[in-house]
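Undergrad: mind folding the following:
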Amino acid sequence: MPTDPLPALLAFAAADDNIRAVLLQGSRANPNGLVDRWSDYDVAFVTRSNEPYLASGWFDGFVRQFGPVAVAQQPDDPALFDDGHDPRAHYAFLTQFADGLRLDLTFVTVDSLDVAGLESATVVLRDLDGVVPVRPPSDAGYRTPAPSAKQFAACCDEFWWTVPRTLLRGQGRRARADARRAGTAGRGDSAAVHADAVLAGRRRRRDAPGAREARAPARGLDP
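TA: Numbering: from 1, shown residues only. Below you'll find the predicted structure:
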């Protein structure tokens with residue numbers, strides 16, 4: 001069982017005056033979240049400056065204390081994913097350890113912190129300057145709102161406009177992609193679920209006993 005990394009992360013923050021607040025977010029902060037040994041620790045450090053943590057070699061040295069690393073990602077590295085944002089304002093390190101521990105560490109500056117946009121499941125673990133409002137964590141931000149009647153109708157229209165043709169062509173992957181695009185018209189994923197059901201039905205019929213033989217041409221028969 002992976003060791004709880006929060007004590008070490010809080011000790012790191014306490015020893016670094018540049019870190020002004022520490023936030024726990026996601027499933028481990030969600031009072032209604034399902035937490036198991038695979039649940040990640042989603043921790044945000046609110047800093048005066050992100051520069052110290054962007055230095056070459058800092059990340060490798062820091063995460064070594066938690067054990068052998070299996071996979072690590074830096075999705076905010078502009079050399080890999082240049083979406084135009086400033087890594088000095090917001091930078092994330094995602095780490096999967098060999099023992100199952102997963103850490104998602106985000107460094108965001110005080111000036112860049114979007115307090116209004118914080119996840120609803122956020123627990124303030126440390127806040128030296130009172131920059132983060134304290135509010136009860138909840139799962140409100142993870143609930144999908146029901147579409148309006150007009151949005152639902154638009155989703156259905158888009159589904160029937162795009163998906164049947166690709167299904168009839170045998171383009172299953174494209175049909176699912178079309179269904180996902182259709183689902184956005186209704187602010188949901190119901191169209192993709194519908195497409196999955198259609199494809200599953202086709203697979204069941206394809207794999208049914210005798211179906212393969214029925215499709216195969218007769219071979220080796222004398223005229």
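
Undergrad: what's the first-to-last distance across stretch 81-98?
TA: 26 Å (CA to CA, to the nearest Å).

Undergrad: list the buried residues for that stretch?
TA: Residues 87, 89-97 are the ones in stretch 81-98 that count as buried (16 or more other CB atoms under 10 Å). C-beta here means a position set from N, CA and C on the backbone, and glycine is covered the same way.

Undergrad: average model confidence for that stretch?
TA: Averaged across stretch 81-98, pLDDT comes to 87.

Undergrad: centre of the chain to whichever strand or helix holds Leu103, how far?
TA: Under the criterion of DSSP states H and E, Leu103 resides in strand 102-109. Distance, stretch centre to chain centre, for strand 102-109: 14 Å (CA atoms, centre = their mean, to the nearest Å).

Undergrad: each with direction, which strands does the helix or strand just after it pair with?
TA: Per DSSP H and E, the first helix or strand lying C-terminal to strand 102-109 is strand 122-127. Sheet partners assigned to strand 122-127 using DSSP bridges are listed as strand 19-25 (antiparallel).

Undergrad: next, the angle strand 102-109 makes with the strand it pairs with.
TA: 140 degrees (axes from the mean of the first three to the mean of the last three CA atoms, to 10 degrees).

Undergrad: quick check: mean pLDDT across strand 19-25?
TA: pLDDT averaged over strand 19-25 gives 96.

Undergrad: same check, this time on stretch 122-140
TA: Rounded mean pLDDT across stretch 122-140 is 90.
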